[in-house]
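# based on what follows, work out the 3D shape:
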Amino acid sequence: MDKLNVHVDVPEAVKRSCAENELLSSGDHLLVGVSGGADSVALLLCLCELAQSLPCKLTVAHVNHGLRGQASEEDAHFVAKLCSDLAVPVVVREVDVAARRKSKHESLQQAARMERFQFFTEVCREQGPSKVALAHHQSDQVETIFLNLMRGAGLRGLSGMSPLERGLFGLTLIRPLLAVTRDSIEAFLAERGQAYRVDYSNHDTKYRRNLVRHEVLPSLGKLNSDVAGALLRVADHAREGEDYICTQATPLWQKARETLPYGTGLQLEGLRTTHRALTVRLLQWAYAQECGGENDMETTHIQGCLRLLDQQAGRRIDLRGGITALRTRHHLVFCRERPEPGQPYELELPMPGAVTLPDGSVISAELVTHAPADYPPSSAAVAYVAGIKFWLKVRNRRPGDTYLPLGASGHKKLKQAMSEAEIPLPWRNKLPVVIDDGTIVWVPGLRVAEKFRVPKTRLESVFKLTYLHGGKNNCSS
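I've put the predicted structure just below:
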């Protein structure tokens, strides 16, 4: 099966991949995931050589999953010794994959993967790496394409892994070994006399990937001796189609997407009048924006969202990762469910500054010179206010709350204003209320109060208020 590029020069292939795919730049700080196996050891050796010529900084991350007892401990010691010999700093983390698997009801592989990426995220945040290098190689790519084919994946799944992508938890991932086979890697290490660790669980065919590697693909080789090459060509064709769909969907995304204070909304009119393939891509992008790339959208959920387009407002379906797709009058909204405040709260908002709310959401106040010409903005998660007399406070909604909306002739109950603004019922008690000396200034999703409108004729301090629900910046494009 593993016939392609068997005798490639591995360091040269890594250098070429980094250049052609723009994976590295001078001054980069790279986090390298090293398990101790042949693939990651080879990647580290190649990057150490490349880092000297760029130059760039390397840090190694090793995760001890604790699944193989003493062998896992020996893996960690091996990686630490290797990094010491190469003068590369290393961070080692022990994680309890079994506990996560039980609490999250995930497969063993998925639980281990999520723990790894969570660890990578923490190291990047604490120590400054901007990219994470992973040791996936061409043989992994072939297996991934086949597994995606078997689960009925679309073009994106059949495209396989990308040399450069933004992945879990917003990490930038690079895969410099994707053009190199496993045989080439092992030959390279043998030439260097470099030892590596062997994980014998990789031969256990109770795991799907091992079954594909050791039994399925060799059997398919009887039908096509170049089955690996055939699958890689399928990926090339799928990638071309994927690129075209993305190109066509981008302007539709910019037009149909609307940033809402409780999630990402897609205007129904735009979804109903375009080709189904483009509609599906918009659904996938909106879902990914809310879940941070932690999960892919399953086919059954895509079909459920498509059905929601023709159903009445208020209907909803639950998706993976704690995301809900909710049908409103004019939008299909993807949002992450959050509990209502357990008790009343009232917090001070520094001017300028930010405050974190009990559910992890953030409201910030920034002093600006003026409001945009097209204010009120289309984004209901941002407001511009003036005439602030005291430091603002943020609290949850209270019974009987009223305010005078911008341009209105009289006061309205907050409950009525939220209904008219089509704020979904489950979110009306979750959205924060910004007040100035007891007077309501703004609620995300509503117009600012008339008293705090930004004047056009006289200079006055103007503050930009931004609401990031769940601590996520959904105002980014």
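# Ala42 is in contact with Ala135, isn't it?
Yes - using Cβ atoms under 8 Å, Ala42 is in contact with Ala135, at 7.3 Å. Every residue, glycine included, has its C-beta placed from N, CA and C.
# which one's more surrounded, those two?
Ala42 (27 against 24; other Cβ atoms under 10 Å).
# how is this structure divided into domains?
Under automatic domain parsing, the residue ranges defining each domain of the chain are 10-220, 244-336, 346-471.
# quick one: average pLDDT of the longest one?
Which is domain 10-220. Per-residue pLDDT values over domain 10-220 give a mean of 92.
# now Asp204: closest residue in space that isn't a chain neighbour?
Leaving out its chain neighbours, the residue that sits closest to Asp204 by Cβ to Cβ, 6 or more residues apart in numbering is Asn210, at 5.7 Å.
# state the helix or strand in which the one you found lies.
Secondary structure assigned from DSSP states H and E places Asn210 in helix 208-211.
# after that helix, which helix or strand is next?
Per DSSP H and E, the first helix or strand lying C-terminal to helix 208-211 is helix 217-220.
# can you give me the buried ones in that following helix?
217, 220 (16 or more other Cβ atoms under 10 Å).
# now swap in stretch 218-235 and tell me
By 16+ other Cβ under 10 Å, the buried positions in stretch 218-235 come out as 220, 227-228, 231-232, 234-235.
# closest to Val123 among the residues you listed?
Distances from the buried residues of stretch 218-235 to Val123 were compared by Cβ to Cβ; the smallest belongs to Ala235, at 30.6 Å.
# does the closest one belong to a helix, a strand or coil?
Three states are possible here, and by DSSP: H, G, I helix; E, B strand; the rest coil the one that applies to Ala235 is helix.
# pLDDT score for it?
Turning to Ala235, the model gives it a pLDDT of 96.
# if I pick the nearest residue to it once chain neighbours are set aside, what's in contact with it?
Across the structure, with Cβ to Cβ, 6+ apart as the measure, the residue nearest Ala235 apart from its sequence neighbours is Gly160 (4.4 Å). Each residue near Gly160 by Cβ atoms under 8 Å, 6 or more residues apart in numbering is listed here: 141, 144-145, 148, 232, 235, 238-239.
# and Ser461, by the same measure?
Applying Cβ under 8 Å, 6+ apart, the residues near Ser461 are 367, 386, 388.
# pretty sure the first one is in a strand, no?
Same thing as Leu367. Yes - with three-state DSSP as the criterion, Leu367 is part of a strand.
# wait, it sits on Glu460?
No - with contact defined as Cβ under 8 Å, Leu367 does not reach Glu460; the gap is 11.4 Å.
# what segments of the stretch 201-350 of the chain are helices?
208-211, 217-220, 227-256, 268-272, 276-291, 299-308 (DSSP state H, counting those that start in this stretch).
# buried residues in the fifth one?
To tie it back to what came earlier, the one meant is helix 276-291. 278-291.
# dump the residues you listed to TSV, plus distance to Gln267 and pLDDT.
TSV is the format used below for these (distance: Cβ to Cβ, whole Å; pLDDT from 0 to 100):
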residue	distance to Gln267	pLDDT
Leu278	14	95
Thr279	12	95
Val280	16	94
Arg281	15	94
Leu282	10	95
Leu283	13	95
Gln284	16	93
Trp285	14	93
Ala286	11	93
Tyr287	16	93
Ala288	18	88
Gln289	15	86
Glu290	16	85
Cys291	21	81
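# and Pro159, what does it touch?
Check again: residue 159 is Ser, not Pro. Going by Cβ under 8 Å, 6+ apart, Ser159 touches 235, 238-239, 242.
# as JSON lines, those with distance to Lys57 would be great.
Listed next are the contacts of Ser159 as JSON lines, based on distance: Cβ to Cβ, whole Å:
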{"residue": "Ala235", "distance to Lys57": "32"}
{"residue": "Ala238", "distance to Lys57": "35"}
{"residue": "Arg239", "distance to Lys57": "31"}
{"residue": "Glu242", "distance to Lys57": "33"}
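# the residue found closest to His301 once you drop the neighbours it is linked to in the chain and Gly167: what is the separation?
Computed as Cβ to Cβ, 6+ apart, the closest residue to His301 that is not its neighbour in sequence is Leu319, at 5.0 Å. Using Cβ to Cβ, to the nearest Å, one gets 19 Å for the distance from Leu319 to Gly167.
# returning to that earlier point: Phe188 is nearest to which of the helices of the stretch 201-350 of the chain?
helix 227-256 (18.7 Å).
# just want the angle from the closest one to helix 276-291.
80 degrees (axes from the mean of the first three to the mean of the last three Cα atoms, to 10 degrees).
# what helices or strands is helix 227-256 leaning on?
Under the contact criterion of 3 or more Cβ pairs under 8 Å, 6 or more residues apart in numbering; DSSP states H and E, the helices and strands touching helix 227-256 comprise helix 138-150, helix 155-158, helix 217-220, strand 263-267, helix 268-272, helix 276-291.
# please name whichever of the ones you listed is nearest to Thr181.
Taking Cβ to Cβ, helix 138-150 is the member of these nearest to Thr181, at 4.9 Å.
# can you pull out the residues in contact with that closest one?
Outside of helix 138-150, the residues that reach it under the criterion Cβ under 8 Å, 6+ apart are 1-2, 4-5, 39, 136, 157-158, 160-161, 177-182, 208-209, 212-213, 216-217, 227-228, 231-232, 234-235.
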